[in-house]
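> Sequence below, structure please.
(2 chains)
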There are 2 protein chains.
Amino acid sequence: MAKEVTSRAENYSQWYNDLALKADLAEQSAVRGCMVIKPYGYAIWEKMQSILDGMFKKTGVQNAYFPLFIPKSFFSREAEHVAGFAKECAVVTHHRLMNSPDGKGVVVDPQAKLEEELIVRPTSETIIWSTYKNWITSWRDLPVLCNQWCNVVRWEMRTRLFLRTAEFLWQEGHTAHATAEEAEAKANEMVQVYADFARNVMALPVIVGHKSPNERFAGAIDTLTIEAMMQDGKALQAGTSHFLGQNFAKSFDVQFTNKEGKQEFVWATSWGVSTRLMGALIMAHGDDNGLVLPPAIAPIQIVMVPIYKTDGERSSITARMKEMKLAFEVLGHSVKIDDRDTLRPGFKFAEWELKGVPVRIAMGPRDLEAGTVEVHRRDTLEKETVSVEGLENRIHNLLDAIQKNIYDKADAFRKANVEKCDDWEEFKEKIQQGKFLLCHWDGTTETEQAIKDATKATIRCIPVDSFVCEEEGKDIFSGKPSHRRVVFAISY
Amino acid sequence: MAKEVTSRAENYSQWYNDLALKADLAEQSAVRGCMVIKPYGYAIWEKMQSILDGMFKKTGVQNAYFPLFIPKSFFSREAEHVAGFAKECAVVTHHRLMNSPDGKGVVVDPQAKLEEELIVRPTSETIIWSTYKNWITSWRDLPVLCNQWCNVVRWEMRTRLFLRTAEFLWQEGHTAHATAEEAEAKANEMVQVYADFARNVMALPVIVGHKSPNERFAGAIDTLTIEAMMQDGKALQAGTSHFLGQNFAKSFDVQFTNKEGKQEFVWATSWGVSTRLMGALIMAHGDDNGLVLPPAIAPIQIVMVPIYKTDGERSSITARMKEMKLAFEVLGHSVKIDDRDTLRPGFKFAEWELKGVPVRIAMGPRDLEAGTVEVHRRDTLEKETVSVEGLENRIHNLLDAIQKNIYDKADAFRKANVEKCDDWEEFKEKIQQGKFLLCHWDGTTETEQAIKDATKATIRCIPVDSFVCEEEGKDIFSGKPSHRRVVFAISY
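Got it, this is the predicted structure:
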């Protein structure tokens, strides 16, 4: 093996870090809590961005860019938002450095203190709604449908690559509507876009649902979420979409004249996914050999490794591979020929397995003569020798099959680990084993908190489509009447 | 007219602001010096990004992402860099807010002071080279060719949309090489990529050249630049590419083992273009009616405006337009049908002229019957009635002709405003008229500074290909011997 990867059984957490680091996705930087996203990791993120961006634009959303900094006073405007977001954040207080009087390096110039401190955006509702005030005066100006791809900062004490970092990359959509119905429909539409992306591109069988009031976004009336199950049975919130009501419009006085000539406050949504999705990708599909990338999101879908002893063999095999590469590219696939001369094939095989490339094609001198190649699929680790005749269509279909198989495997795992549960003792046991439990809940924050205190489990969501949950019963903890089951799990 | 635009003759500076604001490109935000890039402006920037990104990747460059924050001490490592960049910047000193003791809003938590202040990146050489130290140990690890698209902050007292803002968007490429020759070649390659992009996509006839030592990037051995002439005759530096020697490698101790087994410091380049290009686009091509966008960079290349009185006319004309739209899209063009029912055609015409859309197609009931449309080109404001027969090819060719005409017009303007000058009195006069002057320079910083103090003119570059400058002569100011002419101009 090129690089040793800790097995999941041995140490799941270390396995995760090994994959993030050794597959060249990311690493910690010199700045505490801030990561460096390496080229291979960034190429995956770029692919996510490009696909999601196209999906957003199909719904009429346009990209824009709003300032990195938010005046401190903006956070005091929306009461709940301030409680949720204005705490652990990066505060800019000065705008100049000067040479140190002792001649050693630089110090902050005390003369250059800002009148009002600026906060590095943890999320942009406040600065965006202060902007929308200038854009919206009439019903003709609505809806406003903006998204931005940017960096945000939330100070975190304990960080993990992709899952929890002080700085991360994300997109945040912010829309403004004339009616509550239209805004709610938009929030729903966007969570369905996320679910579609998660399921069909990332091969993640996510559960779509509403957050309980306790887990809602600070300032939201309703938060919709997609929740994914990781291989340790923990839940990972992979994207959220919020119906914000008129809260931000009221805080920033954004009103419009409706068709009847009356002034009304505007209705809002916001929705986002982040580089956290990279963490989901690692943990949902990876195995003890490394990453397993669904073809739809893999920056390299096919890697070709020539096997040779002589220079002549090398050049004739790579020449043949270049022809094949072209044929694959015509079908829309991304291909890399790994003809590095300083590394053995076995080393290359392990490296591309670690990096999760869906299909590997090897060709040696005997293959060249026989008109065959060895095809290896990353998801099952199976290999077979096949004819180069009609290879492009075979591989094209194989990539589809791999995409489907990765989804099916994750889906089977999830199905095996979601259970109805109606007994509190059983709940405590099974939640520790990494199950998603469908339980009755009495709808109160007190009960939710008591369950969390006892088990660390939280309500991941009140599902809207994945399970039939509407039924009468008794709360798993309090025994009080309940009208539906909800999903409990321990989460990242 | 939809919105009044100040004419260039009346007030050039106000004209620029009018275009940026009224064409919906950008506006000032609630945070001093930080702009909001509006959807239409951002769509142009996205198009620039996408084309440039493809050009970078063809040269082997990969994207990555490095932290927003840089530890203060990093700026003290490279002596010249600290002088150039560690001054006017945003300094993060605290990581928490708390509720104000008086109950009104939030204040900075004095307990949450950072041990070491963090600087919001003004440019990323230092944090990137501290990272490269972990990536590079052997000649096999080289070259490293990374780029990042990100935001940067340089505190500015006097800001102008796109041209000088506290926060701006850019790309910064940072490459690491085994030899000086290879690094210099990369710096050259990238400035040629910029020149190619400026000339063939943005229709800017830029001059490529070296900066004088005085105008070099802080920490560079050599800075290459592309310089564009705006319509007021001022120069705008549109992109730079730096050969950094081993300065950053030495500051961050980045060494590699060469093929002979010896330790050597790595050679570096960096290169960037920013949202400043948006300013160049406005000022190089705009006219008194608004923006004039080269088709290659226009988010909307063709706008179609139906002209109707009845609902029946409206639906039959827009139906016909949808067919035409599809035909244009097949040829790769972006098209918008402006069928807003609340606005008159004249208003729409003015709005799309203001936004610089290259081609406008109008169709009324009589056109529909006759099988004709009215075609209007933005660059010359000419219109003609033509048959819908073969329209897609006609428009395809027209877009090419517009792209070429916009370049030719800018090129003719530049040619008319570049002059050789050998007399100091003439220099002072002509430089104020907005000329680029090709003058002899004795090569000293003292002379350069004296000329700047007297006239505000700086050496924009020592051209490498646009003019034949190698000849013996006498410095325009000092009279000392000179071996070549350089370009002097007043710049943005």
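
> can you pull the pLDDT of the residue of the stretch 101-250 of chain A found nearest chain B?
The nearest approach of the stretch 101-250 of chain A to chain B comes at residue A:105, 3.5 Å away (Cβ to the nearest Cβ). To be clear about C-beta, it is placed using only N, CA and C from the backbone, and glycine gets the same treatment. pLDDT for residue A:105: 82.

> The one 3 residues further on now?
According to the prediction, residue A:108 has pLDDT 93.

> For it, give its distance to residue B:28.
Per Cβ to Cβ, to the nearest Å, residue A:108 is found 27 Å from residue B:28.

> related to what we said a few turns ago, quick one: residues contacting the residue of the stretch 101-250 of chain A closest to chain B.
Residues in contact with residue A:105 (Cβ atoms under 8 Å, 6 or more residues apart in numbering or on different chains) are A:99, B:72, B:73, B:75, B:76, B:82.

> And residue A:142, by the same measure?
Taking Cβ under 8 Å, 6+ apart as the test, what residue A:142 contacts is A:136, A:176, A:177, A:178, A:256, A:266.

> Any idea what the third one is bridged to?
Read it as residue A:177. Residue A:177 forms beta bridges with residue A:267, as assigned by DSSP bridges.

> Kindly indicate which of the contacts of residue A:142 lies nearest residue B:271.
For the contacts of residue A:142, the closest approach to residue B:271 (Cβ to Cβ) belongs to residue A:176, at 38.9 Å.

> For that closest one, which non-adjacent residue is spatially closest?
residue A:144 (4.2 Å; Cβ to Cβ, 6 or more residues apart in numbering or on different chains).

> Average pLDDT for the helix ranked longest in chain A, rounded please.
Longest helix in chain A, counting residues (DSSP state H): helix A:391-416. Averaged across helix A:391-416, pLDDT comes to 97.

> Endpoints of stretch A:274-292, how far apart?
20 Å (Cα to Cα, to the nearest Å).

> what comes up buried for it?
Buried residues in stretch A:274-292, counted by 16 or more other Cβ atoms under 10 Å in any protein chain shown: A:274-287, A:289-292.

> Same question for stretch A:120-136.
A:120-133, A:135-136.

> tell me, which of the residues you listed make contact with chain B?
Residues of the buried residues of stretch A:120-136 in contact with chain B (Cβ under 8 Å from any Cβ of the partner chain): A:120, A:127, A:130, A:131.

> What distance do you get for the first one to residue B:275?
When Cβ to Cβ is applied, the distance between residue A:120 and residue B:275 equals 19 Å.

> Now do the same contact list for the closest residue to residue A:8 other than its chain neighbours.
Using Cβ to Cβ, 6+ apart and skipping the chain neighbours, the partner closest in space to residue A:8 is residue A:15 (4.8 Å). By Cβ under 8 Å, 6+ apart, the residues touching residue A:15 are A:5, A:6, A:7, A:8, A:286, A:288.

> From those, pick the one nearest chain B.
residue A:5 (19.2 Å).

> Where does the closest one sit: helix, strand or coil?
coil (DSSP: H, G, I helix; E, B strand; the rest coil).

> Would you confirm that it contacts residue A:354?
Yes - because the distance of 6.8 Å satisfies Cβ atoms under 8 Å, residue A:5 is recorded as touching residue A:354.

> These two: which is more packed in?
residue A:5 (25 against 21; other Cβ atoms under 10 Å in any protein chain shown).

> Model confidence score at that one, please.
94.

> Now do the same contact list for the nearest residue to residue A:90 once chain neighbours are set aside.
Setting aside the residues directly before and after it, residue A:90 is nearest to residue A:120 in space (Cβ to Cβ, 6+ apart), at 4.1 Å. Counting by Cβ under 8 Å, 6+ apart, residue A:120 touches A:68, A:69, A:70, A:89, A:90, A:91, A:92, A:152, A:153, B:68, B:92, B:120.

> Return the subset of those residues lying in strands.
A:69, A:70, A:89, A:90, A:91, A:92, A:152, A:153, B:92, B:120 (DSSP state E).

> By neighbours, which of those residues wins?
Of these, with other Cβ under 10 Å as the count, residue A:70 tops at 29 neighbours.

> Any idea what that residue is bridged to?
Going by DSSP bridges, residue A:70 forms beta bridges with residue A:119.

> now the strands: where do they sit in the stretch 101-250 of chain A?
A:106-108, A:113-120, A:144-153, A:167-177, A:207-210, A:222-229, A:235-245 (DSSP state E, counting those that start in this stretch).

> partners of the first one in the sheet?
Strand A:106-108 has these partner strands in its sheet, going by DSSP bridges: strand A:88-99 (antiparallel).

> wait, does the helix or strand bottoming out on mean pLDDT in chain A make contact with chain B?
Least confident helix or strand of chain A, by mean pLDDT, DSSP states H and E, is helix A:79-85 with a mean of 71. Yes - Helix A:79-85 is in contact with chain B by Cβ under 8 Å from any Cβ, via residue A:82.

> who touches that helix?
A:75-76, A:122-123, A:125-126, A:154, A:217-219, A:247-248, A:251, B:105-106.

> can I get the CA coordinates of it in PDB?
C-alpha atoms of helix A:79-85 as PDB (Å, rounded to 0.1, in the frame of the first residue of the first chain):
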ATOM      1  CA  ALA A  79     -33.600  39.000  18.300                       C
ATOM      2  CA  GLU A  80     -33.300  35.300  17.700                       C
ATOM      3  CA  HIS A  81     -30.600  35.600  15.100                       C
ATOM      4  CA  VAL A  82     -28.300  37.500  17.400                       C
ATOM      5  CA  ALA A  83     -28.600  34.700  20.000                       C
ATOM      6  CA  GLY A  84     -27.800  32.100  17.400                       C
ATOM      7  CA  PHE A  85     -25.000  33.700  15.400                       C
END
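
> Up against chain B, what does the stretch 201-350 of chain A have?
residue A:342.
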